[in-house]
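Novice: Everything below, folded, please.
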Amino acid sequence: MKSIILTSIIALFSMVGMAQNTLTIKITELEKNTGTVFISLSDANEKVVQKTKGTVENGVCTVMLTNIESGKYAVTYYHDANDNGKLDTGMFGKPEEGYGYSNDARGFMGPADFEDQIFEINSDLQITLKTVN
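Specialist: Numbering: from 1, shown residues only. Purely as a prediction, here's the structure:
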């Protein structure tokens with residue numbers, strides 16, 4: 001009997017440790033209502049754990065990522081406004097389409113530092129990100 005109770009308690013704590021969360025991402029200040037927004041969620045080890053895409057309406061794209069374990073993450077995205085499947089860049093590799101990072105992190109002459117993008121998910125969470133155009 002004691003082993004059944006102990007096994008049940010261990011199973012309960014295991015399920016609590018694997019709590020699944022939902023992350024709602026609202027991306028604002030998109031210049032055009034055309035194209036697709038490509039979004040990646042990476043874990044603290046910079047490994048992409050989920051990818052999704054969304055559409056733009058009135059300069060905003062909202063997506064939901066589900067089944068996310070509690071932990072530290074970062075979001076990167078770009079707005080493929082002309083739907084050619086890539087982030088267009090100009091001279092010296094400067095993006096010509098909107099992009100952004102979690103925490104509205106910004107880089108200097110390149111991408112934002114990963115450490116500046118990290119945020120924690122412990123429960124369902126909604127974040128709003130402003131696009132660099």
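Novice: all contacts plus neighbour counts: C-alpha atoms, from now on.
Specialist: OK.
Novice: What strand or helix carries the most centrally placed residue in the chain?
Specialist: Centre of the chain computed as the mean C-alpha position; nearest residue by Cα atoms, centre = their mean is Val75, 3.2 Å away. Val75 is part of strand 71-80, with elements assigned from DSSP states H and E.
Novice: which outside residues touch that strand?
Specialist: Contacts to strand 71-80, defined as Cα atoms under 8 Å, 6 or more residues apart in numbering, come from residues 30, 35-44, 46, 86-88, 97-102, 114, 117-122.
Novice: In the protein, mark out all the helices, start to finish.
Specialist: 2-17, 114-117 (DSSP state H).
Novice: What average pLDDT does the longest one get?
Specialist: Averaging pLDDT along helix 2-17 yields 50.
Novice: Now stretch 82-96: buried residues?
Specialist: Leu87, Asp88, Pro95, Glu96 (16 or more other Cα atoms under 10 Å).
Novice: typo on my end, it should be stretch 28-39
Specialist: Judged by neighbour count using 16+ other Cα under 10 Å, the buried positions of stretch 28-39 are Thr28, Leu30, Glu31, Lys32, Thr34, Gly35, Thr36, Val37, Phe38, Ile39.
Novice: how about those in a markdown table, adding distance to Phe108 and pLDDT?
Specialist: Below are the buried residues of stretch 28-39 laid out as a markdown table (distance: Cα to Cα, whole Å; pLDDT from 0 to 100):
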| residue | distance to Phe108 | pLDDT |
| --- | --- | --- |
| Thr28 | 21 | 98 |
| Leu30 | 21 | 98 |
| Glu31 | 22 | 96 |
| Lys32 | 25 | 96 |
| Thr34 | 28 | 97 |
| Gly35 | 27 | 97 |
| Thr36 | 26 | 98 |
| Val37 | 23 | 98 |
| Phe38 | 22 | 98 |
| Ile39 | 21 | 98 |
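Novice: Format these as CSV; extra columns: distance to Ile127.
Specialist: Output for the buried residues of stretch 28-39, formatted as CSV (distance: Cα to Cα, whole Å):
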residue, distance to Ile127
Thr28, 11
Leu30, 16
Glu31, 19
Lys32, 21
Thr34, 22
Gly35, 22
Thr36, 19
Val37, 16
Phe38, 16
Ile39, 13
